[in-house]
Every structure is written in structure tokens, then in C-alpha cells.
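Visitor: generate a structure from the sequence data that follows.
(2 chains)
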Amino acid sequence: MLRHIPIFQKLSSREILEVEELLHERAYEKDEVVFEEGDLGNGIYIVVSGKVRADSSRELLKALMMEFGPGDLVGELSLFDAAPRAATVVAVERTVTMALFQAEFSALLLKNKHIGLKVLVEITRTLSHRTRQLLLQEKHRPSL
Amino acid sequence: MRAFPQPGAITLLAVVLTTCLLLFLFQKIIWLVVPALLSLMLYYCLRPAVQALVLGGLRHGMAVKSIWLLLQVLAAAMVLAGVVVLLARAGSWQNRLVHYLAGGQNLLSQTAGSLERAFPVFQRMHVGTLVDQRVRQFTGRFAEDQLLPLALLLLKWLPSVLLVPFITYYMLNDAARLKKYLIKSVPNAYFEKSLLLFARLDTSLQNYFQGLLLLTLLDTACLAAGLGLLGIAHAAWLAIAAAVLAWIPYLGSVAGCVMVVLATVTDSPDKGWLAYASLVLFIAVRLLDDFVFLPLTIGRKLHIHPVLSVVMLFLGGTVAGATGLVLALPLFGVVAVIGQAVAEVISDHKLRARFREGRRLAALSAKREAMKSA
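Guide: Next up, the predicted model:
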């Protein structure tokens, strides 16, 4: 399953097995809240199946269409700092996610730098892409 | 990782009461608590080695097997070496033990004599004769009365001790899987909180065992320096043995003190003052340990206020004796982390509402599925 998720595509089978041990699978019913704006974020969610919607009280994010489908990351900013979540994320339909906790991600970076680097590069790529879209005010998924 | 939030007054009271209750219960299942605690200690000592091997390119399972095998080989070698040395030197050790016991007997007789000379009331009470009789009773049937029960006690604990390597292996191998399994049963609303709780518990326990190691090092350094300054032979070995014995509160400290005084009085029979000096040094180090080092090392590592550390030690000792003294601080650290997380959940109305809503949505979905299949 992880093979089809963009941030893990460059990992070897052995590396995927190691990452899989750190991921937590969570299933959300339609309209169930994944996390709320203002919550202290502890990790990222990767959408495996289904769809989630992000709503924010912030003007800059309000205008954007924020729906995330399979392979998309949500809450990636909390992987790097302890700031509150920028938006509320709700499941639009029954959705399965994989969660990667901040402390476990840090442990992975220390334990296996090779895997850590590959995942980190992919997350950074997503982040920079979204930041550019946000700066250019294109209607696209921003970082949460 | 963010710093641990400190519990409020009510949470703190609940944490103290829960710790006391658990200490009371643990005392009843001490045969299981001891191997679990030893395994936990070994787990936190060996985990860095496993991580180093994984970092070096070994798979996790293989790294755990390698470290565990190495530990087994080392333990087997130590047991074998111990048996060989015991068989070879049993006679000379027996003589030395008798020699040291005689030294202790002399010290007590001399002290009783000095007391009788200084205070005639003691002479009228025949303190010297009484002490002499008691000591002769103790040393006369030492093997039957003291060594045999000790050997039987060790035999009784053997099955529990044999559990330690197995528990440690599975902890090293399956800790991540067990955590994942436990978290799977947590409702979505509390998912992130439970992850945070596990991370805090892990840090808390790791800090406790690091603190214990630091405390042992400080104890060893102080005792070795003091005994060295007094010119006592084998100061470093005596200090290491006494510091490790101090892991067992009260009994361990008394045993360490008796060991040091016996060694001093027997090796330097012409310097009676040396035994008293080493006794004073031992008491000073113990006081320093209980009121300064322990709150500053283990207490600080567990983010427990020094006064609270001392209070918990007293409470632990009162509720569960020696077991309570050993377990009071690590258990308090763990219960404080869980108590704080529970308090956060109880006081977070938003989180509880999200949990209720999640349950409602899950029930709705199940109903829909049932209707579809019907």
C-alpha cells in the first residue's frame, strides 16, 4: 500500500517495511474530524483512500479549495515545529489515513538516515510546491 | 519533543494517591514486578546498542538477536567464571569471612568496653557481656541461621530472575509493534494524545534509568574518594559494591556500611578510629545521596520537585516498605505522566465532544452498512 504513496515511492522494499512499523493506520467516517484548527500538531497524515476537506478561519486559506485525496499529505507543518494546526480537517467520505508521529519521525531520521533523507526530501518537495502555489495565490492545496 | 506539562494540585494529589495504591498492590505481586523492572532496566540499557547496530546497517530483528545473544554469552561466561572461582577459592573465602566476622566481633567488644568505661551505668547493665553473647550466637551458627535462609531465598527468586532475559528480548524486539497494537484500540479523537503519552512515558522511564546510573556513579565517586583519603585498602572496589548495594534501599545501605566497616576494622586492627571514620563517611554519603543527589538526579530527570521526591520516598517506604522505596520514584514519574494526560483529556471538552461525535458517526455508518446488506 505504501508503494503508491508519493513520499514513499523512492524507498526500497526493505525500507518500506521499516517505515511501515512507524505508521499508524486510522479510519475516519464521513464528517469525522481528523484534527482541529488550533490543536497542537503532533504529526502528519497521509491520505490512503477517501477524501478529506480542510477549513480554516484564516483569510488567506479561506479562499482556497482545500480537498486532499489519496497520496496527499495533511498537517505536514507540525512535523517541523510545535505550532497549532492552521486548519480543521474533516473526512468528506469514509477515509483511511496513515499517521506519522513527530517523535517517531525524528527517531527514524536518527536511526536510518537513508530512509529519513528520502522521506524528508519528498515532504520538503510537497511543502515548497505548496508554498509557491500559496505565494502566487493559485488555487491549490496549501500547507497545514 | 516539548517539555512535560506540570500537573495541577488536584491532579498531583490524585497521582500521589494512585502511586501509593499501586505500590501497595505491587508489594503483593513482587515476584512479577522485580523481573519486569529488571527487564525494563536492561531494555533501556541495551536499546542504544540495538539502535547503533541498526544505524550501522543491520535489520532491527537481527540487531536485537545479536545484542541478546551477546548478553547471553556474557551472562553465561560470568556465571561459569563465578562457579570456577567459587570452587577454587571457596575455602579461602570462608576463612576470610570468618576473619572479617572476628574483626567485627572485636570492634563491637571494644566499643562495648569503651562505653562501659565511660558510662558506669552500662557496666552495671552488663552491656559488654550481653553484646558478646549476642555476637557469639550470631557468628556461632552463622552458616545455619544466615547463609542457609539466604541461599533458599535466592533459590525462590530464581524462576523470576530467569524470566528477565526473555522479557527483555521481547521488549527489544516488539516494543514498537506492541505500541502500535495498543494505539490501534484508541479512538480517533484521542489518537494524538495517546501517541504523546507513549512518547512522554518512554522519555520518563529512560530518564529514570539514566538518573539511577548517574546516582550510582556519584555514590561510587564520593565513597571511593572518602575511603581513599582515609587510606583504606581496595577503596574503589568497596565503593562500587556499596553503591550498587544501595539500589536496595535501607537493607542495601546497611549491608554496604557493614561491609565497609568490617573490611576496615579487620584490615587495620591497630587503627580503631578508622572504623568510626568510615562509618561517619558512609552515613554522610547516604544523607548526601538521599537529600541531595537523589532529588537532583532521578528527581530532576523525572521532572519531580526535590521536596516531592523526598516525600514520595517516605510515603513509598510507609506504604510498601523496601519495595515502596525502590519503586516510589519511577512509579510516581509514570503515574504523573498518565495522570497529566488523563487530566488534559477530562478538561478538554472539545476533545470529548469529538469522541462522542466520532462514536455517533461510526454507529451511523454501521447502520447504513447493515441496511445496505439487508
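Visitor: separation between residue A:132 and chain B?
Guide: To chain B, residue A:132 is 29 Å away according to C-beta to the nearest C-beta, to the nearest Å. C-beta coordinates here come from the backbone N, C-alpha and C atoms, glycine included.
Visitor: return the per-residue confidence for that residue.
Guide: Per-residue confidence (pLDDT) for residue A:132: 82.
Visitor: which element, helix or strand, includes it?
Guide: When elements are assigned from DSSP states H and E, residue A:132 belongs to helix A:113-135.
Visitor: elements contacting the longest helix along chain B?
Guide: Looking only at chain B and at elements set by DSSP state H, the helix with the highest residue count is helix B:60-118. Helix B:60-118 is packed against helix B:30-55, helix B:120-124, helix B:127-140, helix B:148-184, helix B:251-267, helix B:272-288, with contacts defined by 3 or more C-beta pairs under 8 Å, 6 or more residues apart in numbering or on different chains; DSSP states H and E.
Visitor: the first one to helix A:113-135, inter-axis angle?
Guide: The one in question is helix B:30-55. Taking axes from the mean of the first three to the mean of the last three C-alpha atoms, to 10 degrees, one finds that helix B:30-55 is oriented at 80 degrees with respect to helix A:113-135.
Visitor: count the neighbours of residue 61 for me.
Guide: Assuming you mean chain A. Using other C-beta atoms under 10 Å in any protein chain shown as the criterion, residue A:61 is surrounded by 18 other residues.
Visitor: wrong chain, I was asking about chain B
Guide: As a burial measure, residue B:61 scores 12 neighbours (other C-beta under 10 Å).
Visitor: which residue packs closest to it, ignoring adjacent ones?
Guide: Among residues not flanking residue B:61 along the chain, residue B:173 sits closest, at 6.5 Å (C-beta to C-beta, 6 or more residues apart in numbering or on different chains).
Visitor: just residue B:354 next, same as before
Guide: Setting aside the residues directly before and after it, residue B:354 is nearest to residue B:189 in space (C-beta to C-beta, 6+ apart), at 4.2 Å.
Visitor: circling back: adding mean pLDDT and mean neighbour count, write the helices and strands packed on helix B:60-118 out as a markdown table.
Guide: As requested, these are exported to a markdown table (pLDDT from 0 to 100; neighbours: other C-beta atoms under 10 Å in any protein chain shown):
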| stretch | mean pLDDT | mean neighbour count |
| --- | --- | --- |
| helix B:30-55 | 86 | 17 |
| helix B:120-124 | 80 | 12 |
| helix B:127-140 | 76 | 14 |
| helix B:148-184 | 86 | 14 |
| helix B:251-267 | 81 | 19 |
| helix B:272-288 | 84 | 17 |
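Visitor: which among those is found nearest to residue B:220?
Guide: When the helices and strands packed on helix B:60-118 are ranked by distance to residue B:220, counting by C-beta to C-beta, first place goes to helix B:272-288 at 9.9 Å.
Visitor: that closest one relative to helix B:251-267, how many degrees between them?
Guide: 160 degrees.
Visitor: what residues does chain A have near chain B?
Guide: Contact residues, chain A versus chain B (C-beta under 8 Å from any C-beta of the partner chain): A:14, A:18, A:21-22, A:24-26, A:28-36, A:39-43, A:82, A:94, A:99, A:101-103, A:106, A:110-113.
Visitor: who's in contact with residue B:197?
Guide: For residue B:197, the contact set (C-beta atoms under 8 Å, 6 or more residues apart in numbering or on different chains) comprises B:337, B:338, B:341.
Visitor: could you do residue B:21 as well?
Guide: In this structure, residue B:21 makes contact with no residue, judged by C-beta under 8 Å, 6+ apart.
Visitor: that one should be in a helix, yeah?
Guide: Yes. Under the criterion used here (DSSP: H, G, I helix; E, B strand; the rest coil), residue B:21 sits inside a helix.
Visitor: now it: how far from chain A?
Guide: In this structure, residue B:21 lies at 30 Å from chain A, with C-beta to the nearest C-beta as the measure.
Visitor: residues of stretch B:324-341 that come out buried?
Guide: Within stretch B:324-341, the residues that count as buried by 16 or more other C-beta atoms under 10 Å in any protein chain shown are B:324-337, B:339-341.
Visitor: filter the contacts of residue B:197 down to the ones close to chain A.
Guide: Filtering the contacts of residue B:197 for proximity to chain A by C-beta under 8 Å from any C-beta leaves nothing.
Visitor: now, which of those residues lie within helices?
Guide: Counting by DSSP H, the part of the contacts of residue B:197 found in helices is B:337, B:338, B:341.
Visitor: of these, closest to residue B:156?
Guide: Using C-beta to C-beta as the measure, the one of the ones in helices among the contacts of residue B:197 that approaches residue B:156 most closely is residue B:338, at 32.3 Å.
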